[in-house]
Every structure is written in C-alpha cells, then in structure tokens.
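In: Give me coordinates for this.
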Amino acid sequence: MKRYISLCLAFGFLLALTTAAFAGILPGTGIQATSHDLSDTGPKPSYGNGETRICIFCHTPHFAAQATLDAGVGIGTRITYYPLWNHNVTQIASYATYTNTNSGDIPNDLAHQLNAAQGTLPGGVSLLCLSCHDGSVAINAYGNLGGGANPTHFSGTNLIDPGYRIGGAAHNDLSNHHPIGFNYEAVRLQDDEIRESTETFFNSTRGVTIESVLWNGNVECTSCHDVHNSKNDGYKFLWVDDNHQSDLCLSCHAK
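Out: Residues are numbered from 1 along each chain as shown. Below you'll find the model as predicted:
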C-alpha cells in the first residue's frame, strides 16, 4: 500500500512539473513558453543574445516609441497605436492585398470593393505584427529605435523563420492571406452571410465578441489572434479553436 501511495505521489509530482513546463503552450495560459517567447528560455532559438526577458522584444516601460519620437523607423502617421512599443517597425510602403475574383465577375463586385477598402496598408496594430511577420525587419531589432545603436540587440540577418513569414520574398505580398485593414460593418451591410458584430465567437469560454476584437471597427491581425495567449481558447493564439467545426471562421461567416 505504501509503495502504491509513493508511486502515485511521484506520478503526481511529475505531472505537476510537466503542466508547469507546458502551461504557456496551452490556450489562454500566457505568453511564457509560446512561440512569442523569444527569450533564451523560450522554445525557439534565442534572438536575444542572452536575453532572459520576454516582453522586451516588443515593449519597454521607458523610452518607448511615440509619434513625437520618430527615430527614422516609420513611427508617426503609419502607426497609430503605441503599446509602449520597443521594436523597429516595417518600412514596407504598400502591400498587395487579398482579392478572389476579377472585376465584374460576381454581383456587387464585393471582393473588389473589399480589396479597394483595404487600401495598400493595413491598420497600425497589424503593422506592428508585420514588423516581424513580413520578414523585412530583424526580430531582435528592439531597443534604441533606429536600428542597432546597441549592436548586441540587432542583427540585420536575424529574420523570422520562413514558416511564420507572410510577406513573401519581397515582404509585401499579403494577397494569399485573410484580408486585414477593412471595415467589418461596411462588408456586413453588403453581404448577408456576415454576422452581426455583437455576436460571440462560437465556443468562446470568455464571451469574446466580434466587436471586441475589431480595431476602430476594422478587421486586423488581432481580430483572429490573441498575441499574448491570455484570453483565447484556441491554439496558435486563435480566439477559438478552428479545428473544432471551423468555429473561428463560422463565428463571423454565416455559412
């Protein structure tokens, strides 16, 4: 009996260690140990040259980027959202955006109207994401905005893994990705298969609504992804798990 109890305790201890080690990988458990943990203790090869802090790659409590502190890295009218930002931003001036048909091929030409509404730049919050994910800026180009005032924090060749790059070889091709930077309500008024923005994501345990993840009414990268892995129910930072009956897609698309 004692041996049985000892084995159970040992198993419980190992399970606790395993749970702690992988806690950040589970949806809604925080950024630590996820693919956005770029520190030396994260799951990927470190981009920080000995950096053990996690948040510093994107945020800083002091000397953060602002419109009035443009250090020659595109801060200003391109970026309208400054979450204590600490990373160089993409300099891509124009992106190829998604469209799925030629003009005049479908009633109301909705696909091209959507494409035109996007313009050539998504919103500021998406540009922050693209500052790593379009592949044009080194991941460890953080701190001392302007690029490499501290050489230990900058490498021009230290780019994001191609598997996570969405900008193509020229860094500006978003034409085969979900459109971003367009007004949700403007599309809903023309498409009777788009749900009301007040509706809740399917199987969200936290009551996440469509309108709560829009930015100035627009669909942006963070309309699908919770980049800090803090309030989401799906893997890969998704608000809900799309592997279950396409919950993410069908939360907005009434198909």
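In: how about the strands of this protein, start to end?
Out: 182-183, 218-219 (DSSP state E).
In: how near is V89 to Y142?
Out: In this view, V89 and Y142 are 11 Å apart by Cβ to Cβ, to the nearest Å. All C-beta spots, glycine's among them, are computed from the backbone N, C-alpha and C.
In: Can you tell me the centre-most residue of this protein?
Out: V227 (4.8 Å; Cα atoms, centre = their mean).
In: The residue lying closest to that one once chain neighbours are set aside: neighbouring residues, count only.
Out: Setting aside the residues directly before and after it, V227 is nearest to F237 in space (Cβ to Cβ, 6 or more residues apart in numbering), at 5.8 Å. Around F237 there are 20 other residues, counting by other Cβ atoms under 10 Å.
In: re the thing from before, looking at it, the residue nearest to the centre of the chain is touching L238, isn't it?
Out: No - under the criterion of Cβ atoms under 8 Å, V227 is not in contact with L238, lying 10.9 Å apart.
In: From N183, how far out is S204?
Out: Between S204 and N183 the distance is 23 Å, computed by Cβ to Cβ.
In: Between the two, tell me which one has more neighbours.
Out: Relative neighbour count places S204 above the other of S204 and N183, with 20 against 16, counting by other Cβ under 10 Å.
In: so how far is I92 from the closest residue to S94 other than its chain neighbours?
Out: Excluding its sequence neighbours, the residue lying closest to S94 (Cβ to Cβ, 6+ apart) is T120, at 3.9 Å. As judged by Cβ to Cβ, T120 and I92 stand 9 Å apart.
In: where do the helices sit along the chain?
Out: Secondary structure of the chain (DSSP state H): helices located at 2-21, 110-118, 124-133, 184-188, 247-252.
In: For the residue lying closest to C129 once chain neighbours are set aside, which residues are in contact?
Out: If the residues on either side of it in the chain are set aside, C129 comes closest to C221, at 4.3 Å by Cβ to Cβ, 6+ apart. By Cβ atoms under 8 Å, 6 or more residues apart in numbering, the contact set of C221 is 122, 125-126, 129-130, 180, 227.
In: wait, which of those residues is closest to L159?
Out: Nearest to L159 among those is L130, at 12.7 Å by Cβ to Cβ.
In: so what's the residue nearest to that closest one when sequence neighbours are not counted up against?
Out: Closest residue to L130 apart from its sequence neighbours, by Cβ to Cβ, 6+ apart: T90 at 5.0 Å. By Cβ under 8 Å, 6+ apart, the contact set of T90 is 74, 127, 130-131, 134, 136-137, 171.
In: Which one of those is nearest to N216?
Out: Once Cβ to Cβ is applied, the member of the contacts of T90 that ends up nearest N216 is L127, at 13.6 Å.
In: The closest one - how many residues pack around it?
Out: By other Cβ under 10 Å, 24 other residues sit near L127.
In: Ok, T29 next?
Out: 16.
In: How about the one 4 residues further on?
Out: By other Cβ under 10 Å, 21 other residues sit near A33.
In: so it touches G42, yeah?
Out: Yes - if you go by Cβ under 8 Å, A33 and G42 touch, sitting 6.7 Å apart.
In: on that earlier part again, would you mind putting the strands of the chain into JSON lines with mean pLDDT alongside?
Out: Listed next are the strands of the chain as JSON lines, based on pLDDT from 0 to 100:
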{"stretch": "strand 182-183", "mean pLDDT": "86"}
{"stretch": "strand 218-219", "mean pLDDT": "91"}
